[in-house]
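In: Got a predicted structure plus its sequence, pasted below:
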Amino acid sequence: MNAEAEEQTGRAAFLVGAGIFLSRIAGLIRQSVFAHYFATTAFASAFTAAFRIPNLLQNLFGEGVLSASFIPEHAGLLADGNADEADDVAVAVGAALALVSAIVVVIGIATAPLLVRVLASSYTPEVRALTVTLVRILFPGAALLVCSAWCLGVLNSHRKFLLSYTAPLAWNAVMIGALVWMGRRSTLPELSVSLAWASVIGSALQFAVQLPAVIRVSKRLRRRVQLQHPAARRVFRNFVPAFMSRGVVQLSGYVDLIIAGACGEAAVAALGYAQTLYLLPGSLFGMAVSAAELPAMASVRGETEIAYARLRDRLNAGMERIAFYVVPSVVAFLILGNVIIAGLLQTGRFRGSDTRYVWAILAGSTVGLLASTLGRLDSSTYFALRDTRTPLRFALLRIALTTVLGYLAALPLPRALGLDVKWGAVGLTASAGIAGWVEFAMLRRGLTHKIGRTGLKVRYVATLWAAALPAAGVAWFIGHVLPPLLPSVVAMIVLPAYGLLYLALGHALQIPEAAVLTSRLRRRVRR
């Protein structure tokens, strides 16, 4: 990969990462305010479950599926100079998504009682009835998020990254406003209903802020819908296995919801808090690099061997960037997880016991964090090669493993060890990580057969751990010797210290990414 292409991809990854970072910070603020009022109560679990059920729409038709099917075709047409055809494909895909989403919304609202009865059977009748109400409110908002994902697909293909990944700021802002405005004057059931309506309004706003930019970059958008366009038909053909892959992932999420519900009324809410943090590194770094690389990899042209060499270069460079950030994230969650959680969430009804419970679940999640984040980039490489079926086969096996291992680790194992059933949520997340490593190994092996050998060097990964572990140890000691302070103040002291120490050790150990980041920081300080 030449220096100019690497710089362009790095800039794109930075824009994606910046957008995701801002959105995730807003999401963390939202979760902090939510935790202040709801903590790990049954009503928190009700809202968490209700929020995940309509996510069927977003997961099946959202960014992941569009990345697999739509973006490679759309970006490829743009790379070949076929802007008119690219716009025709965008209109066809957008129309199809809108129609199918509307149908699913109607079905979801009608079947909400059945869905809740199956997925939240352990809830009390009062909480279950509230969950049904919330599901019915939230379903239209999920459809609007699908439309937002379509906008993201169009803008990403045009290498316009920042707006789409900052658009969720609008959604988070509306929900935070609802929590603050209604929190002190409402009961928890009333507040949860207000928050659900705020989510729908925020979803509409997230779609609306992107639409003008889509119209600007796709000036040739036409009103007619050409579903029979050859490129559109390829999108729909590749859409099917990607849809099925996301479907089994959604099914796995529902299984997790059922198992977590069996671990106690606090488990679903605690799992939701842990997942917010667990998904942060994958979103910030895995998604940033993958989203930036996908249009570039899909646009690679040339002889097969030359093209494969370019793909290998891009894939290896992307994996190094991801690992540089994800390895210290794993260490931070393991060693400093209590500091992170307390600093973000420990306020109002959210107590120290809640912090320790969420930390344990978060620690279990770290088992597969690196594998799942690197696997996202591997899947993007398959998508760039117009292969959506291979990742589907591997996802099916991962889901089967997750279901079996998750059940055994979450329910029979705690009983056999004489532990409270609530600790089964830790086993649930840890077993999912084991399945994630199995899937990653299969993705890696398949890519080796397709484009040649790729992967991280053992020495490079070992160096990352050699920088992260001592840095975390020193940061833990700093937190341990501090006088009694507010959790948020402790976090503001300990976590920056950890980050700076990791960066300094990485620079001393000659990690390339550390040198690049240090250079950027120095330039900004001088300015």
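Out: Structure's in. What do you need?
In: Between the two ends of stretch 105-114, how far is it?
Out: Its start and end residues considered, stretch 105-114 measures 15 Å (C-alpha to C-alpha, to the nearest Å).
In: can you list the residues that contact that stretch?
Out: Outside stretch 105-114, the residues that touch it by C-beta atoms under 8 Å, 6 or more residues apart in numbering are 53-54, 56-57, 115, 132, 135-136, 139-140, 142-143. Backbone N, C-alpha and C define where each C-beta goes, glycine included.
In: Then stretch 505-515?
Out: With C-beta under 8 Å, 6+ apart as the test, stretch 505-515 has contacts from 320-321, 324, 460, 463-464, 466-467, 470-471, 503, 518.
In: Please repeat the previous calculation with a cut-off of 6 Å.
Out: For stretch 505-515, contacts defined as C-beta atoms under 6 Å, 6 or more residues apart in numbering pick out 324, 463, 467, 471, 503, 518.
In: residues touching the third one, list them.
Out: When contacts are counted by C-beta under 6 Å, 6+ apart, Ala467 is found next to 502, 505-506, 509.
In: buried sites along stretch 309-323?
Out: By neighbour count with 16 or more other C-beta atoms under 10 Å, stretch 309-323 contains the buried residues 309-312, 314-323.
In: wait, isn't Val339 in contact with Val494?
Out: Yes - Val339 lies in contact with Val494 (C-beta atoms under 6 Å); the separation is 5.1 Å.
In: Find residues that contact each of these two.
Out: Jointly contacting Val339 and Val494 under the rule C-beta under 6 Å, 6+ apart are Gly479.
In: Next SSE downstream of the helix or strand of the chain with the lowest mean pLDDT?
Out: Every helix and strand of the chain was ranked by mean pLDDT, DSSP states H and E. The lowest is helix 288-298, at a mean of 62. As assigned by DSSP states H and E, the chain's next helix or strand after helix 288-298 is helix 304-335.
In: for the helix or strand where Ile361 lies, packing partners?
Out: Element membership for Ile361 (DSSP H and E) is helix 352-365. In terms of contact count using 3 or more C-beta pairs under 6 Å, 6 or more residues apart in numbering; DSSP states H and E, helix 352-365 is assigned the packing partners helix 267-281, helix 337-345, helix 424-451.
In: and after that helix, which helix or strand comes next?
Out: Where DSSP H and E defines the elements, the next helix or strand beyond helix 352-365 is helix 369-384.
In: re earlier: of all the helices and strands packed on helix 352-365, which one comes closest to Gly352?
Out: Proximity to Gly352, assessed across the helices and strands packed on helix 352-365 by C-beta to C-beta, is greatest for helix 337-345 (7.3 Å).
In: what's the angle from the closest one to helix 267-281?
Out: Put simply, helix 337-345 runs at 100 degrees to helix 267-281, going by axes from the mean of the first three to the mean of the last three C-alpha atoms, to 10 degrees.
In: centre of the chain versus helix 337-345, how much separation?
Out: Offset of helix 337-345 from its chain centre (C-alpha atoms, centre = their mean, to the nearest Å): 20 Å.
In: Need the residues that contact that helix.
Out: By C-beta under 6 Å, 6+ apart, the residues outside helix 337-345 that reach it are 28, 32, 35, 355, 358-359, 362-363, 479, 487-488, 491, 494.
In: Can you report how many residues lie near the spatially closest residue to Gln31 that is not a sequence neighbour?
Out: Spatial nearest neighbour of Gln31, excluding adjacent residues (C-beta to C-beta, 6 or more residues apart in numbering): Thr276 at 5.2 Å. Residues near Thr276, counting by other C-beta atoms under 10 Å, number 21.
In: Then Trp437?
Out: Using other C-beta under 10 Å, Trp437 is surrounded by 17 other residues.
In: And it, how far from Val461?
Out: Distance, Trp437 to Val461, by C-beta to C-beta, to the nearest Å: 14 Å.
In: Likewise for Arg136?
Out: Distance, Arg136 to Val461, by C-beta to C-beta: 47 Å.
In: quick one on the thing from earlier: now that we have the helices and strands packed on helix 352-365, can you turn them into JSON lines and tack on distance to Ser23 and mean pLDDT?
Out: Shown next, in JSON lines, are those (distance: least, C-beta to C-beta, whole Å; pLDDT from 0 to 100):
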{"stretch": "helix 267-281", "distance to Ser23": "11", "mean pLDDT": "88"}
{"stretch": "helix 337-345", "distance to Ser23": "16", "mean pLDDT": "94"}
{"stretch": "helix 424-451", "distance to Ser23": "23", "mean pLDDT": "91"}
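In: Poorly predicted segments of the protein, please.
Out: Counting by pLDDT under 70, the chain contains low-confidence ranges at 1-17, 59-68, 219-232, 236, 238-251, 286-303, 524-527.
In: Give the helix, strand or coil label for the residue of it positioned farthest from its centre.
Out: Distance to the chain centre peaks in the chain at Pro483, reaching 35.9 Å (criterion: C-alpha atoms, centre = their mean). Following DSSP: H, G, I helix; E, B strand; the rest coil, Pro483 is assigned to coil.
In: what about it, distance to Leu501?
Out: 21 Å.
In: Pipe the contacts of Ala467 into a markdown table and attach secondary structure and distance to Met442 per row.
Out: Shown next, in a markdown table, are the contacts of Ala467 (DSSP: H, G, I helix; E, B strand; the rest coil; distance: C-beta to C-beta, whole Å):
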| residue | secondary structure | distance to Met442 |
| --- | --- | --- |
| Tyr502 | helix | 31 |
| Leu505 | helix | 33 |
| Gly506 | helix | 30 |
| Leu509 | coil | 31 |
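In: Just among the residues you listed, which is most surrounded?
Out: Counting neighbours by other C-beta under 10 Å, Tyr502 leads the contacts of Ala467 with 27 neighbours.
In: Tell me which residues touch that one, please.
Out: Tyr502 sits next to 328, 467-468, 471 when contact means C-beta under 6 Å, 6+ apart.
In: Restricting the selection to alpha carbons, write stretch 306-323 to CSV.
Out: Extracted in CSV, the C-alpha atoms of stretch 306-323 (Å, rounded to 0.1, in the frame of the first residue of the first chain):
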residue,chain,number,x,y,z
ILE,A,306,-1.7,-7.5,-7.5
ALA,A,307,-5.1,-6.9,-6.0
TYR,A,308,-4.6,-9.6,-3.4
ALA,A,309,-1.3,-8.1,-2.4
ARG,A,310,-3.0,-4.7,-1.9
LEU,A,311,-5.7,-6.4,0.2
ARG,A,312,-3.1,-8.1,2.4
ASP,A,313,-1.2,-4.9,3.0
ARG,A,314,-4.4,-3.1,3.9
LEU,A,315,-5.6,-5.9,6.2
ASN,A,316,-2.3,-6.2,8.0
ALA,A,317,-2.0,-2.5,8.6
GLY,A,318,-5.6,-2.3,9.8
MET,A,319,-5.1,-5.2,12.2
GLU,A,320,-2.0,-3.5,13.7
ARG,A,321,-4.0,-0.3,14.2
ILE,A,322,-6.9,-2.1,15.8
ALA,A,323,-4.7,-4.2,18.2
